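**Student:** Here is a sequence with its predicted model. Questions after.
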Amino acid sequence: MPGLARAAAPADKEAGENWSAYFAEAGVPGTLVVADLRGGKERMLVHAPERAAQRFVPASTFKVPHSLIALDAGVLRDEFQVIPWDGVKRSVPAWNRDQDLRSAMRYSAVWVFERFAADIGKEREVAYMRKIPYGNASADGPEPFWVDGQLAISANEQIAFLRRLYRNELPFKVEHQLIVKDVMVNEAGKDWILRAKSGWSGKIGWWVGWVEREEGPVFFALNIDTPNRMGDLPKREQIVRQALKKMGVLPA
């Protein structure tokens, strides 16, 4: 999306400079793209525009389109369907029990989505991703392909996908898009709702989503390098929240 990297207006440039300080303070390289649609206007704000156009493995942010695919393919009925635990003890305690779509998203239960992928099959996965479209639409490489494989998407493309989901414009039933948006809710105030999904490949950390306000939505997509591995993970939300609070999107 060329518009995301176009020359910024003075107000945009000021926001970009603030964001540079946030990344410097966190001590990680990365990019942040924000599409501010409040007040019937559109402002595209970008930190590190070259990186914003670069594709990276989506990791668990792929759970958003993957949920839509699972619902459409019929391997998942709705957000209430119980997905039985296979009894395998995994490193995250919250994964070691039956799940539904809401808990699988909240706890980012990889095994649930690996089961979806096995039921859907790579050929159908690729066909769905091309239809959306989603990044390079590749299911090649090691499994899971959205963490260790060759699937890749840019921050700019994440924004484009999220904007279509917000408007129920993706090639899926509206009721399925509403279900996925519902299970994406992270937090809410009296006049705002935050819908988001994190992701981590071991090297790249993501936080993508949007804030709904009465005056309009504000979309965001961040990715960072994580040289300190889990020690860097809190920086994903930290940087985005700093930027959105500065813009008055989230309460200070």
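**Tutor:** Structure received.
**Student:** which residues of this structure score low on pLDDT?
**Tutor:** Where the chain drops to pLDDT under 70, the residues are 1-17.
**Student:** quick one: the helices in it?
**Tutor:** Here the chain has its helices, by DSSP state H, at 10-26, 49-52, 63-73, 101-106, 110-120, 122-131, 155-166, 174-183, 234-246.
**Student:** now for those, which one comes closest to K190?
**Tutor:** helix 234-246 (16.6 Å; C-beta to C-beta). Quick note: C-beta positions are derived from backbone N, CA and C, even for glycine.
**Student:** gap between that closest one and the chain center?
**Tutor:** Centroid separation for helix 234-246 versus its chain: 15 Å, with C-alpha atoms, centre = their mean, to the nearest Å.
**Student:** repeat for stretch 153-160
**Tutor:** The answer for stretch 153-160 is 9 Å, by C-alpha atoms, centre = their mean.
**Student:** ok, now stretch 206-224?
**Tutor:** 9 Å.
**Student:** just use 26 as the starting number from now, easier for me
**Tutor:** Understood, numbering begins at 26; the last thing we discussed is stretch 231-249.
**Student:** ok, V243 touching A60?
**Tutor:** Yes: the pair V243 and A60 qualifies as a contact (C-beta atoms under 8 Å) at a distance of 7.1 Å.
**Student:** Using CSV, lay out the helices of the chain together with distance to W217 and mean neighbour count.
**Tutor:** Compiled in CSV, the helices of the chain are given as follows (distance: least, C-beta to C-beta, whole Å; neighbours: other C-beta atoms under 10 Å):
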stretch, distance to W217, mean neighbour count
helix 35-51, 19, 15
helix 74-77, 25, 18
helix 88-98, 20, 23
helix 126-131, 19, 20
helix 135-145, 28, 19
helix 147-156, 31, 16
helix 180-191, 14, 22
helix 199-208, 15, 17
helix 259-271, 10, 19
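**Student:** can you redo these as a markdown table with distance to S223?
**Tutor:** A markdown table is the format used below for the helices of the chain (distance: least, C-beta to C-beta, whole Å):
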| stretch | distance to S223 |
| --- | --- |
| helix 35-51 | 15 |
| helix 74-77 | 18 |
| helix 88-98 | 10 |
| helix 126-131 | 10 |
| helix 135-145 | 13 |
| helix 147-156 | 20 |
| helix 180-191 | 12 |
| helix 199-208 | 14 |
| helix 259-271 | 6 |
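**Student:** quick one: which of those helices is nearest F105?
**Tutor:** That would be helix 126-131 among the helices of the chain, by C-beta to C-beta, at 8.0 Å.
**Student:** for the closest one, packing partners?
**Tutor:** helix 88-98, helix 199-208 (3 or more C-beta pairs under 8 Å, 6 or more residues apart in numbering; DSSP states H and E).
**Student:** Would you mind writing the CA trace of the first one as CSV?
**Tutor:** Which is helix 88-98. Provided in CSV are the C-alpha atoms of helix 88-98 (Å, rounded to 0.1, in the frame of the first residue of the first chain):
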residue,chain,number,x,y,z
LYS,A,88,-4.8,-16.7,14.1
VAL,A,89,-7.1,-13.8,13.0
PRO,A,90,-7.5,-14.9,9.3
HIS,A,91,-7.0,-18.5,10.3
SER,A,92,-10.1,-18.3,12.5
LEU,A,93,-12.1,-17.0,9.5
ILE,A,94,-10.7,-19.8,7.3
ALA,A,95,-11.6,-22.4,9.9
LEU,A,96,-15.2,-21.1,10.2
ASP,A,97,-15.7,-20.9,6.5
ALA,A,98,-14.2,-24.3,5.9
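**Student:** Would you mind getting the angle between that helix and helix 199-208?
**Tutor:** Calculated by axes from the mean of the first three to the mean of the last three C-alpha atoms, to 10 degrees, helix 88-98 forms an angle of 150 degrees with helix 199-208.
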